[in-house]
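A.B. asks: Return a 3D structure for these sequence lines:
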Amino acid sequence: MTSRHRREAIWLVALAAVCLILAGCRQPLEDAYGQRRGVGVEKSVNGTRVLGEMFEKAGHTVFSWRRLSPRLRQRADCIVWFPDDFETPSDEVRFWLEHWLDEEPGRTLIYVGRDFDAATWYWEKIAPQVAAGDRANHRRCLVDARLLFDVRRSGRPAEQQCDWFGDKRGPFKRDARTLAGEADWIDGIDASKLEIELHGRLLPGPNAQVLLESEGDALITSQEVGDGRLIVVANGSFLLNLPLVNHEHRKLAARLIDEVGPPRQTVVFLESDAGGPLISDEDPSATMPIGLAIFNTWPTNWILLHFVVVGILFCCWRFPIFGPTLPPEPPGLSDFGKHLDAVGELLKQSRDASYANERVRQYLETIKQTR
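C.D. replies: This next block holds a predicted model:
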């Protein structure tokens, strides 16, 4: 993208933000894109938490990462990348990932295009259930989501190409309700129940094999890169949190997970914003969460939760008085120890040590005589 186009895109996004504020959608929706964990993103309609859980149930180890660093290079067997960027990956990022794929055989990179927004999908799907009094606000929320998505898409070139794949703006949005491809992908899938959306069109790379398509439009492609494998998905309309509510989408996601290989692999969800992930020669230092963020960070959130529960139980046992208050028991009159305490206090008040010693000596002689 040229600098002029980039400036225009920035102005358009800023204008859209102003319009959203003025429109005043009073029903905020969590819509952070391409993130699996974090404050305010785990329940995002555009998140990847559900897909990550599917990888875990398939027997893989899953964690998230935000930069191309030595730890990612060493630990990852599979990288799943949902870039929040409508442009193709930069040459530097592609070179890093291609080198990673070529370092060890059997590695897999899954790249999912950005050309979908589940927030718009959400507002469209709930329209029939909206109460009459909320319809005006619902329309504002739907228009806001469409406007922001369209404005961000408008900053991309009409057609762009890289070594992995290309994409171009589609003439119109299309719903994919038919499937064609390899038998392993389409067997058992009821295509009529799919809700896959295509805005742009994925252009397969020169060495790519189309695994799944709909009416000639590629949905998933695969190609060998070094000793590894690159899988490109047109968009996340069947892989993000909200679309995975659809059972047929979950079947397709399970087929994609099968492409990674046998269980016990380390699957890393690479998270990045516009411009792609940062390339670094050093891993980020582990920083302890501070303030209220500690309650949203695993495993400290679970540890603190247990301490809170135990603390509440202790307070209930130690401090409250249940029922009406009771008067204290009267002191016993037959307690000889209290008599000794009283005599001691009287001797102390006399301030005469010799007198006190004489009384104690006299008492001891009396005790001996009685025995």
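A.B. asks: drop to CA atoms for contacts and neighbour counts, all remaining ones
C.D. replies: Will do.
A.B. asks: Low-confidence stretches in the protein?
C.D. replies: 1-27, 285-299, 321-326, 331-336, 367-371 (pLDDT under 70).
A.B. asks: Apply 90 and report the result again.
C.D. replies: Along the chain, segments meeting pLDDT under 90 span 1-29, 37-43, 151-158, 169-173, 274-275, 283-371.
A.B. asks: now the helices for the stretch 1-150 of the chain?
C.D. replies: In the stretch 1-150 of the chain, the segments counted as helices under DSSP state H, counting those that start in this stretch are 3-23, 49-57, 70-75, 91-103, 118-125, 135-154.
A.B. asks: nearest to Trp164, of the ones you listed?
C.D. replies: Closest of these to Trp164 is helix 91-103, at 8.5 Å (criterion: Cα to Cα).
A.B. asks: Please state the offset of that closest one from the chain centre?
C.D. replies: 26 Å (Cα atoms, centre = their mean, to the nearest Å).
A.B. asks: closest to His249 out of the helices of the stretch 1-150 of the chain?
C.D. replies: That would be helix 49-57 among the helices of the stretch 1-150 of the chain, by Cα to Cα, at 10.8 Å.
A.B. asks: Show me what the helix or strand where Gly337 lies is in contact with.
C.D. replies: According to DSSP states H and E, Gly337 maps onto helix 336-350. Identification of contacts with helix 336-350 by Cα atoms under 8 Å, 6 or more residues apart in numbering yields Ala356.
A.B. asks: Show me which positions of that helix end up buried.
C.D. replies: By 16 or more other Cα atoms under 10 Å, the buried positions in helix 336-350 come out as Leu347.
A.B. asks: Tell me the helix or strand right after that helix.
C.D. replies: For helix 336-350, the following helix or strand on the C-terminal side (DSSP H and E) is helix 353-370.
A.B. asks: so that following helix versus helix 336-350, what angle?
C.D. replies: Here the directions of helix 353-370 and helix 336-350 differ by 150 degrees (axes from the mean of the first three to the mean of the last three Cα atoms, to 10 degrees).
A.B. asks: Can you list the neighbours in contact with helix 353-370?
C.D. replies: For helix 353-370, using Cα under 8 Å, 6+ apart, the contacting residues are Leu347, Lys348.
A.B. asks: for that helix, the distance to its chain's centre please.
C.D. replies: 82 Å.
A.B. asks: Asp283 against Arg73, yeah?
C.D. replies: No: taking contacts as Cα atoms under 8 Å, Asp283 lies outside contact range of Arg73: 10.5 Å.
A.B. asks: Quick check on those two: which one has the bigger neighbour count.
C.D. replies: A side-by-side neighbour count of Asp283 and Arg73, using other Cα atoms under 10 Å, places Arg73 first with 16 against 12.
A.B. asks: In contact with Ile196, which residues?
C.D. replies: Asp175, Ala176, Arg177, Ser237, Phe238.
A.B. asks: so what's Asp167 up against?
C.D. replies: Here Asp167 is in contact with Glu159, Gln160, Gln161, Gly200, Arg201, Leu202, Leu203 (criterion: Cα under 8 Å, 6+ apart).
A.B. asks: cool, and Val112?
C.D. replies: Val112 neighbours (Cα under 8 Å, 6+ apart): Val80, Trp81, Phe82, Pro83, Val232, Val233, Ala234, Asn235, Gly236.
A.B. asks: hmm, back to that, which of the contacts of Asp167 are buried?
C.D. replies: For these, buried by 16+ other Cα under 10 Å: Gln161, Gly200, Arg201, Leu202, Leu203.
A.B. asks: close enough to count as contact, Asn207 and Gln223?
C.D. replies: Yes: counting by Cα under 8 Å, Asn207 does reach Gln223; the two are 6.2 Å apart.
A.B. asks: Need the overlap of contacts for those two.
C.D. replies: Counting by Cα under 8 Å, 6+ apart, nothing touches both Asn207 and Gln223.
A.B. asks: that older thread, so of the contacts of Asp167, which two are at opposite extremes in space?
C.D. replies: Going by Cα to Cα, the pair spanning those furthest: Gln161 and Gly200, at 13.1 Å.
A.B. asks: can you pull the buried residues of the strand or helix carrying Leu211?
C.D. replies: With elements taken from DSSP H and E, the one containing Leu211 is strand 209-214. Buried residues in strand 209-214, counted by 16+ other Cα under 10 Å: Val210, Leu211, Leu212, Glu213, Ser214.
A.B. asks: Which of the contacts of Asp167 fall within helices?
C.D. replies: Among these, none falls in helices (DSSP state H).
A.B. asks: all strands of the stretch 101-250 of the chain, in order?
C.D. replies: 108-112, 159-161, 165-176, 180-181, 196-204, 209-214, 217-225, 228-233 (DSSP state E, counting those that start in this stretch).
A.B. asks: For those strands, could you give me JSON lines that also reports distance to Asn246?
C.D. replies: Putting the strands of the stretch 101-250 of the chain into JSON lines (distance: least, Cα to Cα, whole Å) gives the following:
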{"stretch": "strand 108-112", "distance to Asn246": "18"}
{"stretch": "strand 159-161", "distance to Asn246": "31"}
{"stretch": "strand 165-176", "distance to Asn246": "14"}
{"stretch": "strand 180-181", "distance to Asn246": "19"}
{"stretch": "strand 196-204", "distance to Asn246": "10"}
{"stretch": "strand 209-214", "distance to Asn246": "18"}
{"stretch": "strand 217-225", "distance to Asn246": "17"}
{"stretch": "strand 228-233", "distance to Asn246": "18"}
